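Participant: sequence plus the predicted model coming up.
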Amino acid sequence: MECFFSRSFNGESLPEHNIDPHWSWWFKNKYPTEHELYYVLFKWDGSSNIVFTALRPSTSWIPDTADIFLANALKANGLVREIFKLEDNTFTFYEGALITDLIKCRGKAKEAVKSIPNNCLEFLKSELAIVRKCSGKEPRIIAIGREAQRLLYKHRRELGIESYKRRNEIPWIYLHNYAEWQKKTNVRRGEVFQEYVKQIREAIAKAKPMRTNC
């Protein structure tokens, strides 16, 4: 069964895919390395049962300000820790809670997402099973963004989170600049960050174990 996002790819897999050659050259020279590297912003530590699910992967291969904002807020809540570690050809920034995507490939950013493709759904179910087995605890899921929340609710039966009776019960957090989300102006970065840390803490408190009878 073909993934409906695969139609938007032309077979290229390089980070420079569909980027103007000028900017491709700029990135390669701004972040020079002796060998080709993979950058992993978040790595699961094998013990946390907290799972953050975004809609789909970012198109960026270098973390942007929104990514680092999220990382530091998670760190402030004790959910991830800095490791900044190079192993073989992979450089990892943070380790801790599982941060994953509902849809595993990017596709077109504006392509409508009505449901999670079957292959992606099965992959996510496998991830959750691994979290359950390795952590010894039931996974607790938090959506990153409203669209992720909507899809989690739509597939709640397949995922085993039927304890959420209404969509708004599923805990969720924002991803991008908090001041923009709240339509605020002239805010202090420190104050904005503390609000974000609080939002994540409250979302964790609301997250229910997948199987409440376990």
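Facilitator: Yep, it's here. In this text the structure is predicted, and so the values were computed from the model without any measurement.
Participant: residues in contact with His155?
Facilitator: Applying C-beta atoms under 8 Å, 6 or more residues apart in numbering to His155 gives the contacts Ser115, Ile116, Leu121. For the C-beta atoms, the positions are set from N, CA and C on the backbone; glycine is no exception.
Participant: rerun at 10 Å
Facilitator: His155 makes contact with Leu102, Ser115, Ile116, Leu121, Leu124, Lys125, Ile161 under the criterion C-beta atoms under 10 Å, 6 or more residues apart in numbering.
Participant: now swap in Pro139 and tell me
Facilitator: 48-51, 98, 127-132, 159-161, 207, 209-211.
Participant: where along this structure do the strands fall?
Facilitator: For the chain, the strands defined by DSSP state E cover 38-44, 50-54, 80-87, 90-96, 98-101, 140-144, 172-173.
Participant: can you give the distance from the shortest one to the centre of its chain?
Facilitator: Mean-position distance between strand 172-173 and its chain equals 11 Å (C-alpha atoms, centre = their mean, to the nearest Å).
Participant: what do you get for the fifth one?
Facilitator: Centroid displacement of strand 98-101 relative to its chain, using C-alpha atoms, centre = their mean, is 4 Å.
Participant: what is the mean pLDDT for that strand?
Facilitator: Across strand 98-101, pLDDT averages out at 95.
Participant: one more: the second one?
Facilitator: Summarised as a single mean, pLDDT over strand 50-54 is 96.
Participant: which strands or helices does that strand pack on?
Facilitator: Where contact means 3 or more C-beta pairs under 10 Å, 6 or more residues apart in numbering; DSSP states H and E, strand 50-54 is packed against strand 38-44, helix 65-76, strand 98-101, helix 118-135, strand 140-144, helix 146-154, strand 172-173, helix 189-206.
Participant: wait, Ala148 sits on Val51?
Facilitator: No: using C-beta atoms under 10 Å, Ala148 is not in contact with Val51; the gap is 11.3 Å.
Participant: thanks a lot, catch you later.
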